[in-house]
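Enquirer: just a sequence and a predicted model for now, questions to come.
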Amino acid sequence: MEVMDRSNIRIEIWERGAGYTLASGSSSSASAAVARRLGLCDDHITVHMPGGRIDIKISQNFAVTMSGSVAKVAEGVIDPEMFQTRLAPPVS
């Protein structure tokens, strides 16, 4: 994370299991909250990432509100079996 000024930070993201990631709302939120908590930024922060930017507002109790543009990047089908409850096999 690089603090550009009191209302802008720049981040790059490496997600475990996914690798280098162009943009991430949770990473943006966490980075902005840390910058705010350390007193490096005010409560409205624009997070700049290689994939775009997102605006973050942080309340006094550190609740985060994100706003920005979205883009569809994938489409898929989840097999209904994924939603079935699986119980552990009985221990003998």
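Expert: That came through fine.
Enquirer: the strands in the protein, which residues?
Expert: 2-5, 8-10, 13-15, 19-21, 44-49, 52-58, 64-67 (DSSP state E).
Enquirer: so which of these is the most surrounded?
Expert: Between the strands of the chain, strand 44-49 has the highest mean count of neighbours, a mean of 20, where neighbours are mean count of other Cβ atoms under 10 Å. Quick note: C-beta positions are derived from backbone N, CA and C, even for glycine.
Enquirer: what angle separates it from strand 52-58?
Expert: With axes from the mean of the first three to the mean of the last three Cα atoms, to 10 degrees as the basis, strand 44-49 and strand 52-58 are set at 150 degrees to each other.
Enquirer: tell me how far strand 44-49 lies from the chain's centre.
Expert: 11 Å (Cα atoms, centre = their mean, to the nearest Å).
Enquirer: could I get the strands of the chain as a markdown table with mean pLDDT?
Expert: What follows is these, written out as a markdown table (pLDDT from 0 to 100):
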| stretch | mean pLDDT |
| --- | --- |
| strand 2-5 | 98 |
| strand 8-10 | 98 |
| strand 13-15 | 94 |
| strand 19-21 | 94 |
| strand 44-49 | 98 |
| strand 52-58 | 96 |
| strand 64-67 | 95 |
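Enquirer: to residue 29, which of those lies closest?
Expert: Residue 29 lies closest to strand 64-67 among those, at 4.5 Å (Cβ to Cβ).
Enquirer: sheet-wise, list the partners of the closest one with their directions.
Expert: With DSSP bridges as the test, strand 64-67 is paired with strand 52-58 (antiparallel).
Enquirer: next, format the strands of the chain as TSV and append distance to residue 81.
Expert: What follows is these, written out as TSV (distance: least, Cβ to Cβ, whole Å):
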stretch	distance to residue 81
strand 2-5	44
strand 8-10	42
strand 13-15	26
strand 19-21	28
strand 44-49	35
strand 52-58	34
strand 64-67	33
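Enquirer: which one of those strands lies nearest to residue 38?
Expert: The nearest among the strands of the chain, by Cβ to Cβ, is strand 2-5 at 8.8 Å.
Enquirer: what's the spacing between the residue most central in space within the chain and residue 32?
Expert: Centrality entry for the chain: nearest residue to the mean C-alpha point is residue 26, 1.6 Å, by Cα atoms, centre = their mean. For residue 26, the distance to residue 32 equals 11 Å [Cβ to Cβ, to the nearest Å].
Enquirer: brilliant, that's me finished.
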